[in-house]
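Undergrad: Show me how the following folds:
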Amino acid sequence: QARRLAELAVEETGFGIPADKEIKNRFAALTLYDAIKDERTHGILAEDREKRTIDIGVPVGIVAGLVPSTNPTSTVCYKAMIALKAGCAIVFSPHPAAAKCTRRSVEIVAQAAEAAGCPRGAVSCLQTPTMEAVDELMKCPPVRLILATGGPGMVKAAYSSGKPAIGVGAGNGPAYIHKSADIPKAVADIIRSKTFDNGTVCASEQSIIVE
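TA: Numbers count the residues shown, from 1 in each chain. Alright, predicted model coming up:
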């Protein structure tokens, strides 16, 4: 579904390039899975007999996942994957400008999760993407953690909700080119990164510092 979800996102939001969004969808669904599949997240994670300490992993509970309009489908794949890996249910809140493609992404991910044995309803989505609905979700007592990706207002609201929150907003990433660098390759890499999906990735380079 990676290609179709990419096309849906561009059609609805007007942001990005379908081929690049497909790469992001595949990265979130496949590369991320390979990176975390063997990690222990529950029970005893580590034991230090000398210091007499034990690290124990416990699910945090229900997670609220706030989804941006710039990267709606890949964000759903990514956040669902890490929430379920940690033993948590997740409820997504779509951006109003990306509601259809976000809901479709959640449907596909939920179906795949349930087919693999995940409890029904562990991956779900708000059907009415309004600020009132987002506010209600973030302040809802069963929600124990907020994963907020979006603009400054959205991230600030998550941090002000009274719940633990991990926020990701617009980036301002500089690139440093050292005098020992392969200059043509460095420039080509920066241009490729900056133009990938029309620069909608928050980690895209915004400036270059050259020695």
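Undergrad: what's the burial count for Glu114?
TA: Glu114 sits with 14 neighbouring residues when counted by other CB atoms under 10 Å. Bear in mind the C-beta positions are built from the backbone N, C-alpha and C, glycine included.
Undergrad: And for Glu12?
TA: Glu12, neighbours per other CB under 10 Å, totals 18.
Undergrad: For it, what are phi and psi?
TA: In terms of degrees, to the nearest 10, the main-chain angles of Glu12 are phi -80, psi -40.
Undergrad: need the contact list for it.
TA: Ala97, Ala98, Ala99, Lys100, Cys101 (CB atoms under 8 Å, 6 or more residues apart in numbering).
Undergrad: and the host helix or strand of Met154, what other elements does it pack with?
TA: Secondary structure assignment for Met154, by DSSP states H and E: helix 152-159. Packed against helix 152-159 by the contact rule (3 or more CB pairs under 8 Å, 6 or more residues apart in numbering; DSSP states H and E) you find helix 131-139, strand 143-149, strand 165-168.
Undergrad: about what we covered before: would you format the contacts of Glu12 as TSV with secondary structure and pLDDT included?
TA: Shown next, in TSV, are those (DSSP: H, G, I helix; E, B strand; the rest coil; pLDDT from 0 to 100):
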residue	secondary structure	pLDDT
Ala97	helix	95
Ala98	helix	96
Ala99	helix	96
Lys100	helix	97
Cys101	helix	97
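Undergrad: If you rank the residues you listed by neighbours, which is first?
TA: When neighbours are counted by other CB under 10 Å, Cys101 leads the contacts of Glu12 with 27 neighbours.
Undergrad: Just give the closest residue to it, not the sequence neighbours.
TA: Excluding the flanking residues, the one nearest Cys101 by CB to CB, 6 or more residues apart in numbering is Leu8, at 4.1 Å.
Undergrad: Neighbours of that neighbour, how many?
TA: Neighbour count for Leu8, taken as other CB under 10 Å: 21.
Undergrad: per-residue confidence averaged over the strand or helix carrying it?
TA: Applying DSSP H and E as the criterion places Leu8 in helix 2-13. Here helix 2-13 scores 97 as its mean pLDDT.
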